[in-house]
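Enquirer: the following comprises the amino acid sequence and a computationally predicted model.
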Amino acid sequence: MKVFVSWSGKLSEKIASLLREYLPLLNSDIEPFVSSHDIESGSIWLHKMISELNATNYGIICFTPSNLQSPWMLFEAGAISKLHNSSVCGLLIGGLYINDIPAPLSMFQNRLFEKNDFKKLISDINDKCTKPLDSKQFDRSFNTFWPSIDEEYKKILADFSVEIKNSLSYLANKQNTGFFVRSYRNPLNDSDFLNDLVYYLKTAKEIKLVGICLVVFQKTEYINILLERTKNHEVEVMLCLGDPTSKPVLNRKQTEYKGLTNTGKGQSTSVEDIICMSSRIKEQDRCLELRLFDYYLEFATMIFDNDIFVYPYGYELPGTESPVFHFRNNGSDEAKFFIKSANRAIEKSFPIDAFIKKQAIEIN
């Protein structure tokens, strides 16, 4: 199983060398190629590079904040992607976001250099090996070597901390000049949005989710990420939802269903969902607050640090059918509007305990 590790720049080369050392340890069937190590002195390097590219089964592109415009990495990724049964994956290093990767490199399935994403990358490579490890063997191998890989990775980042900081600052200034980042088809079925959602849920330090449809979070994966991270006090989360028993929310539901009679089934399910969510939050001391508002917002807002996602509730259309717009808080009046709107909804909301108490009284 030949794996071509593409790099550009000293930081990227260090990471490529790290991968060259550990990939064969994770699975002995893996044969990594790193140009700075594997081209013999006196060889015609271009011929060797093309020969390796044509023979490779998998390509790993080592992205750093300073090499996103590298023509060589673009060439190598393109060459591998054209091969039959070959795959390409970008490895995001030094604080890069998925949205930082420019087209056409953004079309590949890019992964973060963190435990879960890195494990998925190695698992994908393992699956393509002639002699793949079974699930138990793979988990044992990965769990054995990941601590050392992670420790060496962090040492490399520390050595290049100034370069990373300066490059990220340049990248941020370049990208943040605009308020609008991109749009997505809808919040339920757009794979790009769902991938980005998972990324921000995993990495943001402060999250505010206001007026979102619980159906958007119907995958337990999303809720589990929040519950795990808040249990570990890695992130502060404010989850502010519409009271499913309030008249404005019920009227809005009827509008969404174009005047069809509300049978009550949707209402009871929503109540159960919210109470279930509250119970899970209270299982352990989590940095997650759940609040409700008794009116219907014009749009839902998700704020992940300085990234803002908004999707409107169009007339007779539920939010799950509307497009999602990604903005970045660049200090503009437009950004302040959405942040202020979300904060206002939170200020006017009430704690979940009051809702549960009210439900208990009504049942009795």
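Expert: Looks like it came in fine.
Enquirer: can you list contacts of the lowest-mean-pLDDT helix or strand in the chain?
Expert: Counting by mean pLDDT, DSSP states H and E, the weakest-scoring helix or strand in the chain turns out to be helix 265-282, with a mean of 68. Under the criterion Cβ atoms under 8 Å, 6 or more residues apart in numbering, residues 214, 223, 227, 230, 239, 241, 244-245, 250, 253, 288, 290, 292, 352, 355-356, 359 lie in contact with helix 265-282. Bear in mind the C-beta positions are built from the backbone N, C-alpha and C, glycine included.
Enquirer: count the residues that sit near residue 127.
Expert: Residue 127 has 10 neighbours, counted by other Cβ atoms under 10 Å.
Enquirer: distance of it relative to residue 32?
Expert: Residue 127 is 17 Å from residue 32, where distance means Cβ to Cβ, to the nearest Å.
Enquirer: could you dump the host helix or strand of residue 48 to CSV, C-alpha only?
Expert: Here residue 48 sits within helix 45-55, counting by DSSP states H and E. C-alpha atoms of helix 45-55 as CSV (Å, rounded to 0.1, in the frame of the first residue of the first chain):
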residue,chain,number,x,y,z
TRP,A,45,14.1,13.9,-8.7
LEU,A,46,11.3,14.8,-11.1
HIS,A,47,11.4,11.4,-12.8
LYS,A,48,11.3,9.8,-9.4
MET,A,49,8.5,12.0,-8.2
ILE,A,50,6.3,11.2,-11.2
SER,A,51,7.1,7.5,-10.9
GLU,A,52,6.0,7.5,-7.3
LEU,A,53,2.9,9.6,-8.0
ASN,A,54,1.8,7.1,-10.7
ALA,A,55,2.3,4.1,-8.4
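Enquirer: tell me the mean pLDDT for that helix?
Expert: When pLDDT is averaged along helix 45-55, the result is 77.
Enquirer: again, but for stretch 7-18
Expert: Averaging pLDDT along stretch 7-18 yields 94.
Enquirer: gap between it and the chain center?
Expert: Relative to its chain's centre, stretch 7-18 lies at 24 Å (Cα atoms, centre = their mean, to the nearest Å).
Enquirer: show residues contacting it.
Expert: In contact with stretch 7-18 (Cβ under 8 Å, 6+ apart) are residues 5-6, 34-37, 62-64, 66-67, 70, 72-73, 91, 93-94, 113, 149, 152-153, 156, 159-160, 163-164.
Enquirer: circling back: could you give me the PyMOL syntax to select whichever of the contacts of helix 265-282 are buried?
Expert: Buried residues among those (16 or more other Cβ atoms under 10 Å), as a PyMOL selection:
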select buried, resi 214+223+227+230+239+241+244+245+250+253+288+290+292+352+355
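Enquirer: inside strands: which ones of the contacts of helix 265-282?
Expert: Using DSSP state E, the subset of the contacts of helix 265-282 located in strands is 239, 241, 288, 290, 292.
Enquirer: take those and lay them out in CSV including pLDDT and distance to residue 329.
Expert: CSV is the format used below for those (pLDDT from 0 to 100; distance: Cβ to Cβ, whole Å):
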residue, pLDDT, distance to residue 329
239, 91, 20
241, 88, 23
288, 90, 22
290, 90, 24
292, 92, 26
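Enquirer: farthest-separated two in the residues you listed?
Expert: 288 and 292 (14.3 Å; Cβ to Cβ).
Enquirer: which other residues reach the one helix or strand residue 237 maps to?
Expert: Assigned by DSSP H and E, residue 237 falls within strand 236-242. Residues outside strand 236-242 that contact it (Cβ under 8 Å, 6+ apart) are 205-212, 214, 226, 229-230, 249, 274, 277, 287-297, 342, 345-346, 349.
Enquirer: out of these, which end up buried?
Expert: Buried residues within the contacts of strand 236-242, defined by neighbour count using 16+ other Cβ under 10 Å: 207-212, 214, 226, 229-230, 249, 274, 277, 287-293, 296-297, 342, 345-346, 349.
Enquirer: before we move on, back to that, just the contacts of helix 265-282: which are in helices?
Expert: Of the positions in those, 223, 227, 230, 250, 253, 352, 355-356, 359 sit in helices, assigned by DSSP state H.
Enquirer: which pair of those residues spans the longest distance?
Expert: By the measure Cβ to Cβ, 230 and 250 form the most distant pair in these, at 30.2 Å.
Enquirer: which helix is the longest one in this structure?
Expert: Secondary structure assigned by DSSP H gives helix 135-159 as the longest helix of the chain.
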